[in-house]
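Peer 1: Okay, here's the prediction I keep looking at, along with the sequence it came from:
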Amino acid sequence: MQAINKKIERNRKYTLVNGELDFTLNIAGMSFSDKDLDSLKNKFSRVYTEMRKIEAGEIKNPDENRKVTHFTDRAVYVHEEVFSEVEEFADNIRTNEIKGSTGKKIKHVIINGIGGSILGPELLHFALNGPYWNELSGSKRFGNPKIYFVDNTDTSGARDILEIVDLDQSLVLSISKSGGTQETKNNIILFSAAYKEAGLDLNKHACAITMEGSTLDIEAKKHNWLKIFHMSESIGGRTSETSIVGHLPAALAGIDFKSFLKGACEMDIWTRIADYKKNPAYLLASMWYISGKGYGNRNMVVVPYSDRLALFSKYLQQLVMESLGKELDLNGKVVHQGLNVFGNKGGTDAHSYIQQLNDGRNDFFITFIEVLKDSMNVPIEDGVTMGDYLHGFQAGLSSVLESKDREVIQIQISEISAFNLGMLIALYERAVAAYAELININAFHQPGVQAYKLASNETIKMVVEIGKILSKIAPWEGSAQEFCKKTELTLKEIEVSGILAKFAKNNDKRSFKKFSITRKFDISKGWIYYISKK
């Protein structure tokens, strides 16, 4: 009885409620003491000071000498001219004022981007419009177009879209802050070719969101695209959902972006509080810090109990991991910081990896996000609804995990709405920025991403080089190892093997100009490549 009373007291003490926003954060299930939390007082005094510097317009991305303005820009965005321009553009698509090049109504919008340029729009669309939006009738979509997302340089994603859309009734919206993002650029080339093959001109069906003066901006202006919207240099991709990057896709899908922004701004007001024990973002950051001992020693597991929030953990993976995964701190010291994020949806997760979380390695903390309002009232038995079962599964799982000393955070929101999505995104954006200050890193650059891009460029150079070599040596046959010996590429055998394999499996599609390449497996030598002269 005494243990139960202590648990109840702790629950009361460490549950933070905002009745006006109908938002609850409960950290009582985390393994910390009052002393642990009190010890962070001086650290959070510094966090508060640094967060004020962000909103005062000081340089807070020193590596790129940039301001960080996503918190402040969204507070005034609805009053800016570009907000009205976006709404007008989307309305003109909806009402057929803007038509395709053949005069037909725009019925499909293909959103082309990667990472922060597309994860937020995709999350918002999935959460508010649902997974079957495109299967609804035009009237049930209130005249809004069907929405498709392409977010990789994998041709299968674009092909799947091309098989079902009518290009003369489609708009291709490409989003790239730098304008040179290779994956996005590749898909523009792909869609341009598809339009040309259909006897159409992509330029008359294209619009862009990018920085002014970027390569995409220059290209779009040169070819007279339908519309170009400019985004701020001081807003990073992963924190761009409350900017035009999130706005235009939302407006095209009929989402109330003004309400979304209001939710984000209301959370911003709450999370500006200096007292870290009354600030939900600071409390989240403190739990991450204490649980992981300041080095991310525990994984973050995020489980929203709503099908509509299934993409939220994917969104957080980018926001959290790209922001916090850093080799160096602000002083140039090697720290290898980071925080792994995993997620699923409840109660689906209870039939998948919860088994490990319950009985396996205790190397995580879990955040449950419960949506109180059910979409439908479905009685299952006397006095019990389908939604009650979802709550029961979440409460039961939380109780079992806590009984096994697993760490639990619980968040409650009233319903799935644009306002509440705005609150959630703003909460985690602020928590990430605060945690970055706790561990003294720059949350607003991504040198690791640039490193892989540079490395991939070397591979692309080899693709070109090997293509030239094959043209010269055909006819020839042999293994990748023998090819490397012949061409003095012995130290590049691993890279060469991958390129030859790719060539051989795409020989029929690529139509190499001067050679043809196939392969067969030899049990003693491995893959043998056959190079024929054309």
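Peer 2: Nice, thanks for sending it over.

Peer 1: which residues of the stretch 201-350 of the chain fall in helices?
Peer 2: Using DSSP state H, counting those that start in this stretch, the helices of the stretch 201-350 of the chain run over 215-222, 244-252, 257-270, 280-291, 312-316, 323-324.

Peer 1: out of the ones you listed, nearest to Val341?
Peer 2: Among these, the nearest to Val341 by CB to CB is helix 312-316 (5.3 Å). Quick note: C-beta positions are derived from backbone N, CA and C, even for glycine.

Peer 1: list the buried ones in that closest one?
Peer 2: Phe312, Ser313, Tyr315, Leu316 (16 or more other CB atoms under 10 Å).

Peer 1: Of the helices of the stretch 201-350 of the chain, give the one that comes closest to Gly19.
Peer 2: Across the helices of the stretch 201-350 of the chain, closest to Gly19 is helix 257-270 (CB to CB), at 11.8 Å.

Peer 1: Name the residues that touch that closest one?
Peer 2: In this structure, residues lying in contact with helix 257-270 by CB atoms under 8 Å, 6 or more residues apart in numbering are 18, 21, 23, 71, 74-75, 77-78, 124, 242, 246-247, 250-251, 279-280, 417-427, 430.

Peer 1: Closest to Ile466 out of the buried residues of helix 312-316?
Peer 2: Nearest member of the buried residues of helix 312-316 to Ile466, counting by CB to CB, is Tyr315, at 38.2 Å.

Peer 1: Contacts only, for the closest one.
Peer 2: So Tyr315 contacts Leu119, Gly120, Leu123, Ile425 (CB under 8 Å, 6+ apart).

Peer 1: again, only using 10 Å
Peer 2: Tyr315 sits next to 116, 119-120, 122-124, 126-127, 238, 241, 302, 309, 341, 343, 424-425, 428 when contact means CB atoms under 10 Å, 6 or more residues apart in numbering.

Peer 1: any idea how far Gln412 is from Lys373?
Peer 2: 11 Å (CB to CB, to the nearest Å).

Peer 1: hang on, Val172 in a strand?
Peer 2: Yes: with DSSP: H, G, I helix; E, B strand; the rest coil as the criterion, Val172 is part of a strand.

Peer 1: circling back: using a markdown table, lay out the buried residues of helix 312-316 together with distance to Ile59 and pLDDT.
Peer 2: Listed next are those as a markdown table, based on distance: CB to CB, whole Å; pLDDT from 0 to 100:
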| residue | distance to Ile59 | pLDDT |
| --- | --- | --- |
| Phe312 | 31 | 98 |
| Ser313 | 32 | 96 |
| Tyr315 | 27 | 97 |
| Leu316 | 26 | 98 |
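
Peer 1: List just the nearest of the residues you listed to Leu202.
Peer 2: Among the buried residues of helix 312-316, and counting by CB to CB, the member closest to Leu202 is Tyr315, at 29.0 Å.

Peer 1: give the contact list for the closest residue to Tyr195 other than its chain neighbours.
Peer 2: Distances taken as CB to CB, 6 or more residues apart in numbering put Leu202 closest to Tyr195, at 4.1 Å, once the chain neighbours are dropped. Listed by CB under 10 Å, 6+ apart, the contact partners of Leu202 are 101, 167, 170, 172, 188-196, 223, 225.

Peer 1: Out of those, which is nearest to Gln355?
Peer 2: Leu190 (41.4 Å).

Peer 1: The closest one contacts Asn152, correct?
Peer 2: No: using CB atoms under 10 Å, Leu190 is not in contact with Asn152; the gap is 11.2 Å.

Peer 1: Looking at those two, which is more packed in?
Peer 2: Applying other CB atoms under 10 Å to Leu190 and Asn152 shows that Leu190 carries more neighbours, namely 19 against 15.

Peer 1: Just the pLDDT at the more buried one, thanks.
Peer 2: Here the pLDDT value assigned to Leu190 is 97.

Peer 1: Helices along the stretch 1-150 of the chain, start to end?
Peer 2: 2-13, 34-38, 41-56, 70-76, 81-94, 119-129.

Peer 1: Save the ones you listed as CSV, and put in mean pLDDT too.
Peer 2: Listed next are the helices of the stretch 1-150 of the chain as CSV, based on pLDDT from 0 to 100:
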stretch, mean pLDDT
helix 2-13, 90
helix 34-38, 97
helix 41-56, 97
helix 70-76, 97
helix 81-94, 98
helix 119-129, 98
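
Peer 1: Just name the most buried of the ones you listed.
Peer 2: The highest mean neighbour count among those, using mean count of other CB atoms under 10 Å, belongs to helix 119-129: a mean of 23.

Peer 1: list the helices and strands that one packs on?
Peer 2: strand 108-112, strand 146-150, helix 244-252, helix 257-270, helix 312-316, helix 418-438 (3 or more CB pairs under 10 Å, 6 or more residues apart in numbering; DSSP states H and E).

Peer 1: Rounded mean pLDDT for the longest one, please.
Peer 2: This predicted structure assigns helix 418-438 an average pLDDT of 98.

Peer 1: And for stretch 501-509?
Peer 2: 94.

Peer 1: Asn299 is in contact with Gly360, correct?
Peer 2: No: shown here, Gly360 and Asn299 do not form a contact pair, counting by CB under 10 Å, at 11.8 Å.

Peer 1: If you count surrounding residues, which of these two has more?
Peer 2: The neighbour comparison of Gly360 against Asn299 (other CB under 10 Å) goes to Asn299, with 17 against 11.

Peer 1: Correct me if wrong: that one contacts Asp363.
Peer 2: Yes: counting by CB under 10 Å, Asn299 does reach Asp363; the two are 6.1 Å apart.

Peer 1: joint contacts of those two?
Peer 2: Common neighbours of Asn299 and Asp363 (CB under 10 Å, 6+ apart) are Gly292, Asn340, Leu357.

Peer 1: which one of those residues is nearest Ser33?
Peer 2: Gly292 (16.2 Å).

Peer 1: What sits closest to the closest one if chain neighbours are left out?
Peer 2: Nearest to Gly292 is Arg298, by CB to CB, 6+ apart, at 4.8 Å.

Peer 1: Now do the same contact list for that neighbour.
Peer 2: Taking CB under 10 Å, 6+ apart, one finds 31, 287-288, 290-292, 339-340, 362-366, 407 in contact with Arg298.

Peer 1: Next: Gly387.
Peer 2: Tyr305, Val371, Leu372, Lys373, Asp374, Ser375, Met376, Asn377, Val378, Ile380.

Peer 1: Please flag which of the residues you listed sit within helices.
Peer 2: Using DSSP state H, no member of those sits in helices.

Peer 1: right, and out of those, which lies closest to Ala208?
Peer 2: For those, the closest approach to Ala208 (CB to CB) belongs to Val371, at 34.9 Å.

Peer 1: Just list whatever residues bridge to the closest one.
Peer 2: Ile413 (DSSP bridges).

Peer 1: Return the set of buried residues in stretch 188-196.
Peer 2: Per 16+ other CB under 10 Å, stretch 188-196 contains these buried residues: Ile188, Leu190, Phe191, Ser192, Ala194, Tyr195.

Peer 1: ok, for the fourth one, nearest residue in space, not its chain neighbours?
Peer 2: Leaving aside its sequence neighbours, Ser192 sits nearest to Leu202 (CB to CB, 6+ apart; 4.4 Å).
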